[in-house]
Structures are given as C-alpha cells and as structure tokens.
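# Build me a model from this:
(chains A and B)
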Amino acid sequence: MSSRTLPLLFINLGGEMLYILAQRLRAQNTPADKAKKVMNDIITTMFNKKFLEELFKPQELYSKKALRTVFDRLAHASIMRLNQASMDKLYDLMTMAFKYQVLLCPRPKDILLVSFNHMDAIKDFVKDTPNILSQVDETYQQLVEMYTPLSSGEFQLIRQTLLIFFQDMHIRVSIFLKDKVQNSNGRFVLPTCGPVPHGTQVPGLIRLFSCTGEEVTRLQFNNGGNYTAALREGSFETFGDRVTKLGTNMYSVSRPVETHMSGTSKNSAQHTKINTAPNPLAKEELNLLAKLMGGLEIQKLGNADSGFRVNLFATDEEEEEALITRPDELSYGVINIQATKDQQANAELAKIMGEFTESGDQSPSASSKGDDLLAMMDGL
Amino acid sequence: MVMIFSSLRLTADHPLPFQQTAVFERELCKMYHKEKSIQIKNSASALYNNLSVLRIAPRRLTYFTVVHANVVNMVSASWDGLNYSHRQLQSKEPNVATSTSLIMQVAFCVLPSRDLLVVTSQKGIQIYESDGSIMVYWHALDTSDAPTAQAVFARGISAVWDNYICVGVSSGAILVFDVPSKGSNITLSEVLEEHKEPITDIASECSGSQECIADLVSADDGGNLCVWKSGKEFQLLNKIPGFDMSCSSVKLWKGIVVAGYGTGQIHLFEAVTGILHAEVNAHARWIYSLDIAPFSGLLLSAAEDSLVRVWHLTVTPETNSVEVAHLHNECVTDTQICGAKFCDGDGYAFAVTGYDLSEIIRYTQL
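Numbers count the residues shown, from 1 in each chain, chains lettered A, B, ... in the order given. Model prediction:
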C-alpha cells in the first residue's frame, strides 16, 4: 500500500529496541562504559548513511522475516550478544509496543509525533557523541521533509499499511497488562473517554441549516462516552514538545521487561501466509541486508572480556525454557547470520546460500541470484 | 418499528452555552440487541467500508464479504441461522503465479439484470459472479505514469443506473464499466477525470426504474465530492469542495449526499446545489463506514472510536428541509470498527466488522 511506511516502521521499532536494551543493560549491572558502547554502536548502525538512503526510497514494506533479520543484525552490531530466545522476546516487545502506539494514535498524523518521541530519546542517548549526533540530526531533516507535506489521507494509508503488518499479533506484554492498557486476551484497551484528537469536536452536536446557510436548529445527543476537548497540537519540527506520551520510554529500573507466551496460540494460529510467498520485489530486501552487512564492520568475539551476553529473561534457565516452549506459529523463521570477519557483501550472501542449499525449494525459473536466495529463504 | 425518544430543540434565537445545556435524547427503550456473530476465517483489515452485504430473498440467504490483506472472506448465511458456508478469494492477477497484492475494498454491485462482486486492489479490478464462483472480468491498473512515491490502487465501488459499475483509482480517476445483462463482455466505457486525489468511496441511488437528477457521488482523500448523472457520457453536475480532510465514506439518498470524514464529522449536502443542510459532530475518531436503509431513512455510522450509531434522516423536498435525529449507540468494546452495513432495506438488522476481529457482529431491532 503506502510506499512511505518502511522508514517509520524501522525508526519506531529501533527506538523501542533501544529502550528495552538500555533497561536490560542497567538491570544486569553492565559497566557504564560497556553499556554506552553498545548503545552507541547500535545507534551508529541504525543511522548509517547508506542504509538510511536505501530505507527512505519509496518501496513496499518488507516481509516480517526480512525485517526481523535486519533487527537481528542490528542487535548484534556491537559486542553484545543475545540468544535466540532473548532475541525473540526482544522482537515481540518491540512489535507489540509499536502496534499499541499505532492503534492508540488519535490521528494518523500523530504517528509522526510518536516517531519524533523515539528520535528525541535516541538523540538524548548520543548527545555526548557529536559524530553520531549529526547522523541523527540529518535523519530528523529527512523525516520532516518526507512526512510533513503529506495529507491526512496519506497518513491514514501509512497507518492502514502498518496495521496490516501487525495484524493478528496479540502477544501479552507484562507492562501493558499491569497498566491495564492490554486485556488478558492480548487485545489493547481502546478507551471511549479522554481528549478527542486535534481537529475533532467532542461528539454530541447536530446542527441543521436553512438553504441560506443560517443555523436553524441545534440538537444534542448522548455520545456514549466521556470525551473532553482536544489538547494542543504537538510539534512537527525537529525539536519541541510532542504532547503525546506514545513513543516515550515506558521502561525503567522498577518496571522490568517480561512477556507471556501462553494463551496466545489461539489467535496467532490465524496468521495468513501473505508475507511468506516468494515475491520478486523482495530483492530489495536483500539489497538492504547486503548494505547493512557488507558495509559494516562485524565485531569479532575473540576476547572473552569485550563480548558479553544480554538476557531478556530473569535467569538463564528461564531463557532456555522460553526457547523450548515457544509456540511454533510464533517463530519468526529468521535467517541465522553467523558473524564472520569477511566484510564483503557478496561473500556473506554466498555463505548464506551455502548454508541453506540443503533445505528449501529452489525455484527453477529464477533468473537472478536474488530469486534463488529468496526461494531458499522461503523454504526455511 | 417503534422509536421513542425525547429531545428539546434549541433554536438559533436562544442559544445556550454548551455546558449549560442539559438536553439529551433519552432512549426510553433500547432499539437494537446483539445477535449471534458469524465467525470468519481471517480477521478484518483496517480498510474503509470493509463489509459488504447482499440479501438474496428468493434463497433466504445473505452474503457477507470482509477483506483480510489480500484475501476476501465470503460467508453465506441462511436466514434460519442454521447454515453457514465460507469461501475465500485471493487477489491475484490471472496468469501470474506470484503477486502480493493488497485488496483495498470489496463490494457487491446490484444491477437490474444481475448481481456482481467487485474486488479492488493494488494491481487492478476483478469482477466475479456474486457468489464468488467465477471471475468474469479483470482490469489491470496502469502503474507506469504514477510517480514512484505515490501508491497505486483501486478503491471506491458502485453500481449505477441499469448497466454501469464505477470504480475509483488512486490517481483520482473513476473508471466506468459497461456491464451486459449476462456474460463477461464487460467494457471500459469512460474514464472520469475530475478528482485530483485518491478516490475513497463512491455511492449511487436510483438504479433501474427511478429517475433522478443526480445518481452518483464520488469522494476523495481531500474531502472533495463530485456529483454525477450517469449515461453514455457521464455528466458532472456539481463539485463540493473539501476542507483538507479525507472523506472516507459517502452515501446518496433522496438527492442528499451524506459524507463521513476523518475528523469524525458527518455532513449532509444537497447534491445538485451543494447546500450544507446538516453538520453532525458524530464520532471521536476517523469515520470508516456509512450506510443508509433506503426505505426507512435510517443512517448507520461507524468509526475507529469503537462506536456504531444509528440516526434517522427526514428529507422533505417540498420545503427543501433535512432533519437528522440520533436514535441509538452500540459500543464494540476495544475495537476499531472498519465496516458497518444494514442487512436489509428497512434497517431492521445491521452487521459490523472491526480491525483484528474474526467475526461479523450482528444486531437486530427488538
């Protein structure tokens, strides 16, 4: 649908990822310098110039699988390591958080304010590092240029595209359940009270006019809710009060990060296979992956002191348990990228090809390397 | 059908501040009650007007269609509530094995000679027999002229007069198809180029027997409305400018255009003159669907705010007056509604769909 959705999806999911990692690094008492290095490395990778250029090009949304792979790679852009179960949980939290924000946005245009909230927080993470800061500032400019001229209808199309991406995801998030913004069936609470969106009137009034334009009658009706007038509008510039709290950091030391896996299988079993069919356009996804992997230095984990593992669960046992008991339909089918010293994009892609030649259906009519890879990936 | 409500009118001579008015309509009796829902195979996607209903009286059946990404879920429900059968249609270009194409809207088109099902997607327009059994026509959208950043899709579907089906496109164009009384020899008769923004919805009245001055209205993402008279060459009768806010759903009844907007407002205009007859602050969020029961003048509105509202419209051509009365609210808890339609011409029953919901919720009058 909208070809301008991907940058917003990436930046908001990336922002949530940083909130969660920052909280886990603190919870694990990671030394300050190591924690800072992890955050800086990930943010540098996220805002890599070539990568963002690719991202901001008008294109259809990537498949769930490809996007998950991008975030896997991003999470491993530093000396930090995550096991499969922790990575799964991280991704669940990121996606449910952004789904919540998209649903609760009063107006479709407010998704941009949510994105700015994430950007503001990222800027704060790197405020002491000028070279990364300038990358972040440039991205603000790109966001303003690309999105502020869009009409309300175009924003709604972006929102509808995002909602299709998040369709049928009902993973329960502990912090949402505690705050009563999510029900025990995984669905978000949509209140029928509070301020109406900017530009909307509180429902309840019927005005009838004569042919000459004079108001002749006013009628009131019961709106069935408890609404109040709209708040002031948030800032759509590179700085300013965004007004909305959606997209700000909801985690803190006292509010840990947990998910529930049970009870979600019923709904997730209805996942349709839209994103798993081979798609010629998904060659673009591979280009993005190649740029991400090829242009960046992969951290070597030779020295036991420099690399360390982050656990999204309270104990190692819990993490192992989570991996074993994760329902099949919730697996992301991620392509396992082994970190190697080889920095050439082609060589890495070739390695992936090599790793997966046993499995999957090879499309006999594929005419390019992209099609072969896709066919193999989809066979996983 | 008995409706009991009370309200006090405030005239323009004695306006009272909003806070002081203690006037509310009281529903002395609940007008509708919830029936058993129909389960569907997938959840509904967040798309405008995402529910279409076709009542087949001779077979005592009603068909419902709901869009989920690139799939149309069709359910056929018998009136005795005992039999349900399901069918799914995928949006696919014929002869192309792989294509991911999201569907924007699906609607039944009722013509005097036949009923058809129209599916509009990013790739083009498919027309099926009303039971979804056979595809009778395929029209591919031309993606070459669109600037790369612009989304290309078809959206907005209506049957008009005896033999036309009109479909809107993201460029603002409206494709007019000439439909024979049977067979697949459907042809593109005309392209109406008046709108400059993507079409959101199209509606008609007076198909077949009745004569109307205006029989078609189209709406776009800028809130602009065009009023047309159908024929071998369609005539543009009027253009009602928008206010930079998308009009997501539109209806035409007794020469009155009923338009629902992203601000949650509903406006009623006289189609041919553009005179604004009524303005309703109807919903707290974006309106996704409007429907009218033509025999009773009942209006149904549904929005992202979880509410479905039933109104009554009175149009008196002699005095050129239009009245709107609010009758009923239904709250579908924690659901952003994306489709709401009456199941019959009197508005005795209506059905509702919501984002992420795998059921069609039904309500009937008490």
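
# From here on, just use CA atoms for contacts and neighbour counts.
Will do.

# mind listing what residue B:320 touches?
Residues near residue B:320 by Cα atoms under 8 Å, 6 or more residues apart in numbering or on different chains: residue A:211.

# Equivalent analysis for residue A:40, please.
Counting by Cα under 8 Å, 6+ apart, residue A:40 touches A:125, A:126, A:132.

# In which helix or strand does it reside?
For residue A:40, the enclosing helix or strand under DSSP states H and E is helix A:32-46.

# now that helix: how far from the chain's centre is it?
Relative to its parent chain, helix A:32-46 has a centroid offset of 18 Å by Cα atoms, centre = their mean, to the nearest Å.

# Next, the angle helix A:32-46 makes with the following helix or strand past that helix.
Reading on from helix A:32-46 to the C-terminus, the next helix or strand found by DSSP H and E is helix A:49-56. If you take axes from the mean of the first three to the mean of the last three Cα atoms, to 10 degrees, helix A:49-56 sits at 50 degrees to helix A:32-46.

# what helices or strands is helix A:49-56 leaning on?
helix A:6-27, helix A:283-294 (3 or more Cα pairs under 8 Å, 6 or more residues apart in numbering or on different chains; DSSP states H and E).

# any idea how far chain A is from residue B:230?
26 Å (Cα to the nearest Cα, to the nearest Å).

# which phi and psi does that residue have?
Dihedral angles phi and psi of residue B:230 (degrees, to the nearest 10) take the values phi -80, psi 160.

# Tell me, how many residues neighbour residue B:77?
Residues lying near residue B:77 (other Cα atoms under 10 Å in any protein chain shown) number 19.

# got a markdown table for the contacts of residue A:40, with neighbour count, pLDDT and distance to chain B too?
Output for these, formatted as a markdown table (neighbours: other Cα atoms under 10 Å in any protein chain shown; pLDDT from 0 to 100; distance: Cα to the nearest Cα, whole Å):
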| residue | neighbour count | pLDDT | distance to chain B |
| --- | --- | --- | --- |
| A:125 | 18 | 92 | 32 |
| A:126 | 19 | 93 | 32 |
| A:132 | 19 | 91 | 29 |
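
# Read off the pLDDT value for residue A:349.
pLDDT for residue A:349: 46.

# meant to ask about residue A:135, not that
91.

# what does residue B:143 give?
At residue B:143, pLDDT is 77.

# and the gap between the residue nearest to it when sequence neighbours are not counted and residue A:80?
Among residues not flanking residue B:143 along the chain, residue B:152 sits closest, at 6.7 Å (Cα to Cα, 6 or more residues apart in numbering or on different chains). Going from residue B:152 to residue A:80 by Cα to Cα, to the nearest Å gives 42 Å.

# do residue A:231 as well
Taking Cα to Cα, one finds residue A:231 at 41 Å from residue A:80.

# residue ranges with poor pLDDT in the stretch 151-300 of chain A?
For the stretch 151-300 of chain A, the stretches with pLDDT under 70 are A:253-300.

# show me where it has helices.
For the stretch 151-300 of chain A, the helices defined by DSSP state H, counting those that start in this stretch cover A:152-165, A:174-178, A:265-268, A:283-294.

# and the first one, how far out from the chain's middle?
Using Cα atoms, centre = their mean, the mean C-alpha position of helix A:152-165 is found 15 Å from that of the whole chain.

# Show me what it is packed against.
Under the contact definition 3+ Cα pairs under 8 Å, 6+ apart, helix A:152-165 sits against helix A:84-104.

# Hmm, residue B:87 is touching residue B:77, no?
No: at 11.8 Å, residue B:87 does not count as touching residue B:77 under the criterion of Cα atoms under 8 Å.

# before we move on, the earlier item: so residue A:231 and residue A:80 - more neighbours on which side?
Each of residue A:231 and residue A:80 has its neighbours counted (other Cα under 10 Å); residue A:80 has more, 23 against 14.

# I figured that one was touching residue A:74, is that so?
No: Residue A:80 lies out of contact with residue A:74 (Cα under 8 Å); the separation is 10.6 Å.

# what residue ranges in the stretch 201-350 of chain B score low on pLDDT?
Within the stretch 201-350 of chain B, the ranges that satisfy pLDDT under 70 run B:207-211.

# just to revisit the earlier point, how much space separates the residue nearest to residue B:143 from residue B:124?
Distance, residue B:152 to residue B:124, using Cα to Cα: 9 Å.

# which residues do the two both contact?
The overlap between the contact sets of residue B:152 and residue B:124 (Cα under 8 Å, 6+ apart) consists of residue B:141.

# mind checking how far the helix or strand where residue B:302 lies is from the chain centre?
Using DSSP H and E, residue B:302 maps to strand B:298-303. The chain centroid and the centroid of strand B:298-303 are separated by 10 Å under Cα atoms, centre = their mean.

# quick one: buried residues of the helix or strand where residue B:85 lies?
In this structure, residue B:85 is located in strand B:84-90 according to DSSP H and E. For strand B:84-90, the neighbour count (16 or more other Cα atoms under 10 Å in any protein chain shown) marks B:88, B:89, B:90 as buried.

# packing partners for it?
Judged by 3+ Cα pairs under 8 Å, 6+ apart, the packing partners of strand B:84-90 are strand B:71-78.

# so what does the strand it packs on touch, helix or strand wise?
Where contact means 3+ Cα pairs under 8 Å, 6+ apart, strand B:71-78 is packed against strand B:61-68, strand B:84-90.

# Right, I'll call it a day here.
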